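>>> Give me the fold of what follows.
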Amino acid sequence: MSGDSQGTRAAGPIARPRKPQVDSALRRSGAGIGLLVAALGAVEVAVVLARGGGYFVIVPRLAFMVPVAVAGLVAALAALEVGGERTNAVVWLGVVALAGVGWNICVYSVKFGRGVWDLLVPRAHPAGVDFRDGLYDPARAFTTIHSGWPPLSLYLGKPFTLLSLGAGYRVQFVVLVALALAATLLSAHLAVRAVGKRAVYEKGRPLSTTLVAAVCGLWLLTSYGFFYEVDRGNVDLYALVFALLALWLTVRGTRSPWPAAAALALGTGLKLYPAILIIVLLWRYRLKALVPVAVTTAAVLLVAGPGQLVHSFSALQALSTSRTAEWWGQDSATAMAHVLREHTSWAPSWIFWPLLALPGALWLATLGALVRRGWSERGAVLMGAACVPMMAIVPSVSNDYKLVLCVLPIAVLATTLATARREPGATWVVLFGALALAMMLLARSTLLVAASLQGSKYTLLVLVQVLLLAVVGREGPSDASATP
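All right, here's what the predicted structure looks like:
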């Protein structure tokens with residue numbers, strides 16, 4: 001059943017209406033904050049342009065303030081226009097996605113033309129090097145001794161070996177685009193399903209899954225993470241689709257945990273990080289999920305024999321302790337600790353531990369708040385979204401193509417803020433503006449900024465965690481509850 005149809009069948013409790021003048025004052029106060037931020041960003045832009053210095057001086061200096069100005073302006077306009085029925089807030093996030101395309105791609109294309117691709121993605125030759133080293137060559141030799149990917153990747157790569165390496169990579173490109181579209185649709189469906197029973201409509205219609213999918217798809221397909229994934233030919237989108245399918249099966253409330261466990265096991269069999277979503281299955285099915293999860297996960301990991309599993313873990317361990325784990329163009333706490341040690345004078349040698357503990361604490365706080373309220377579709381989707389940043393932050397090697405995973409939390413935050421019952425005052429504008437800023441900066445290439453906090457996707461992933469926790473904290477028990 002789609003989120004749209006759910007929204008028309010049931011409606012949540014209707015809050016006591018406020019006086020119009022109170023609502024108007026709240027909107028104006030929130031919009032004022034957004035406009036102030038936009039004005040500050042515009043002033044900084046004007047100062048940079050007045051100073052001049054040429055393309056390579058001006059553009060990098062504007063790389064942060066332009067997104068700040070856009071986020072503030074869009075948040076203010078969203079608060080002013082849509083008032084108490086904030087379905088149109090999703091449309092404003094579409095404006096943000098378009099602004100990201102203009103700034104992240106078009107601004108650099110003016111100067112570099114077709115050569116802009118070398119700025120957007122850390123190039124490796126040949127194109128599709130991860131496809132070659134992770135799927136094609138290991139499947140042809142049928143060994144994971146050098147790949148570091150779980151053994152199921154050997155079977156995924158086997159059909160590609162019927163083609164030449166170049167032809168196989170071209171097929172992989174088409175498959176990745178299709179998987180990106182599938183991930184967008186699943187994310188939009190989950191996000192809308194989670195808010196479908198809330199009594200928030202625009203002109204008599206529920207929040208549209210198609211609208212959410214269009215906005216999130218525009219963001220994903222034009223993002224640096226997707227470009228990077230395609231350039232390497234990696235399989236994060238395969239794992240993401242299986243993880244989203246497992247979450248969808250869990251949220252649907254099927255009586256048996258086996259289908260969801262099998263889907264999650266397939267994702268874990270390609271990339272280990274989807275295993276964190278086991279916590280959602282355990283919340284939904286309790287002890288009944290233990291045997292299905294254990295059996296399906298063991299079957300997938302041992303599908304090529306225990307020797308291949310040992311080889312993949314050994315290769316992964318070697319990669320995690322190499323210099324690759326310290327490259328600044330990564331999302332992990334390990335890479336962030338290295339950046340701080342190398343580029344600041346104050347970062348101590350133990351800085352890694354608080355960098356890992358902070359997102360861990362935010363994750364646990366979000367999970368604790370959701371579990372205390374009891375099982376609900378909304379809570380399960382929020383929990384799944386809260387797990388995504390941890391998938392990228394915890395592993396030592398976490399290259400930026402993992403940013404494609406963010407399509408789920410972005411979809412969830414977009415729909416949750418768009419259907420918030422409270423008037424769009426200062427808090428709402430701050431949350432909405434922060435989401436808009438995160439969308440623009442997450443879509444931006446790391447190569448376009450220096451190795452610094454500004455270029456760190458770790459910082460942005462922590463921001464996503466903060467937004468999810470804030471959204472959960474703003475809701476009362478009646479807001480969060482939804483009977484599956």
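
>>> show me where pLDDT drops low in this protein?
1-28, 81-87, 196-205, 323-326, 421-423, 450-453, 476-484 (pLDDT under 70).

>>> Look up how far Val339 lies from the residue minimising distance to the centre of it.
The geometric centre of the chain, computed from its C-alpha atoms, lies nearest to Cys406 (C-alpha atoms, centre = their mean), at 0.7 Å. Distance of Cys406 to Val339, computed by C-beta to C-beta, to the nearest Å: 20 Å. All C-beta spots, glycine's among them, are computed from the backbone N, C-alpha and C.

>>> Leaving aside the residues adjacent along the chain, what's closest to Leu403?
Sequence neighbours aside, Gly225 is the residue nearest to Leu403 in space, at 2.8 Å (criterion: C-beta to C-beta, 6 or more residues apart in numbering).

>>> dump the residue contacts of the one you found.
Residues in contact with Gly225, defined by C-beta atoms under 8 Å, 6 or more residues apart in numbering, are 400-404, 406, 442-443.

>>> Might one say that Glu377 is in contact with Val195?
No. Using C-beta atoms under 8 Å, Glu377 is not in contact with Val195; the gap is 9.3 Å.

>>> more crowded one of those two?
Applying other C-beta atoms under 10 Å to Glu377 and Val195 shows that Val195 carries more neighbours, namely 27 against 24.

>>> Can you give me the distance of that one to Val68?
When C-beta to C-beta is the yardstick, Val195 and Val68 sit 28 Å from each other.

>>> try Arg51
18 Å.

>>> what's the offset of stretch 219-236 from the middle of its chain?
From the chain centre to the centre of stretch 219-236 is a distance of 12 Å (C-alpha atoms, centre = their mean, to the nearest Å).

>>> what's the span of that stretch, first residue to last?
17 Å (C-alpha to C-alpha, to the nearest Å).

>>> for stretch 400-407, same thing?
End-to-end distance for stretch 400-407: 14 Å, by C-alpha to C-alpha.

>>> mind checking how far that stretch is from the chain centre?
5 Å.

>>> now do stretch 69-82
For stretch 69-82, the distance to the chain centre is 22 Å (C-alpha atoms, centre = their mean).

>>> so where does the nearest residue to Leu77 once chain neighbours are set aside fall, helix or strand?
Nearest residue to Leu77, sequence neighbours excluded (C-beta to C-beta, 6+ apart): Trp92, at 6.6 Å. Per DSSP states H and E: Trp92 is located in helix 89-101.

>>> So which other helices or strands are in contact with that helix?
helix 65-82, helix 209-221, helix 407-418, helix 426-442 (3 or more C-beta pairs under 8 Å, 6 or more residues apart in numbering; DSSP states H and E).

>>> Of those, flag the one that's most buried.
Among these, ranked by average contacts under mean count of other C-beta atoms under 10 Å, first place goes to helix 407-418 (a mean of 28).

>>> Measure how it sits relative to helix 209-221, angle-wise.
130 degrees (axes from the mean of the first three to the mean of the last three C-alpha atoms, to 10 degrees).

>>> Check which helices and strands helix 407-418 is in contact with.
In this structure, helix 407-418 makes packing contacts with helix 89-101, helix 165-195, helix 209-221, helix 236-251, helix 377-393, helix 426-442, helix 457-474, judged by 3+ C-beta pairs under 8 Å, 6+ apart.

>>> Those into TSV, with extra columns for distance to Phe131?
Listed next are these as TSV, based on distance: least, C-beta to C-beta, whole Å:
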stretch	distance to Phe131
helix 89-101	26
helix 165-195	5
helix 209-221	19
helix 236-251	12
helix 377-393	21
helix 426-442	24
helix 457-474	23
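
>>> just to revisit the earlier point, among the helices and strands packed on helix 89-101, which comes closest to His125?
Closest of these to His125 is helix 209-221, at 24.2 Å (criterion: C-beta to C-beta).

>>> show me the contacts for Val381.
The neighbours of Val381, taking C-beta under 8 Å, 6+ apart as the test, are 190-191, 193-194, 247, 251, 412.

>>> if we go to 10 Å?
Counting by C-beta atoms under 10 Å, 6 or more residues apart in numbering, Val381 makes contact with 187, 189-195, 247-248, 250-251, 280, 408-409, 411-412, 415-416, 482.

>>> Distance of the nearest residue to Val430 once chain neighbours are set aside relative to Ala39?
Excluding the flanking residues, the one nearest Val430 by C-beta to C-beta, 6+ apart is Ile33, at 6.7 Å. The gap separating Ile33 from Ala39 is 11 Å, by C-beta to C-beta.

>>> so what sits against both of the two?
Jointly contacting Ile33 and Ala39 under the rule C-beta under 10 Å, 6+ apart are 72, 76.

>>> In terms of neighbours, single out the busier of the two.
Just comparing Ile33 and Ala39: by other C-beta under 10 Å the higher neighbour count belongs to Ile33, 20 against 14.

>>> Helix, strand, or coil at the more buried one?
Following DSSP: H, G, I helix; E, B strand; the rest coil, Ile33 is assigned to helix.

>>> so what's Gln465 up against?
Gln465 sits next to 358-363, 365-366, 385-386, 388-390, 393, 409 when contact means C-beta under 10 Å, 6+ apart.

>>> Produce a ChimeraX select command limited to the buried residues of those residues.
The ChimeraX command for the buried members of these (criterion: 16 or more other C-beta atoms under 10 Å) is given here:
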select :358,359,362,363,365,366,385,386,388,389,390,393,409
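
>>> Looking at the contacts of Gln465, which is nearest Glu229?
Val388 (15.2 Å).

>>> on that earlier part again, and the residue nearest to Leu403, how far from Gly30?
Taking C-beta to C-beta, one finds Gly225 at 31 Å from Gly30.
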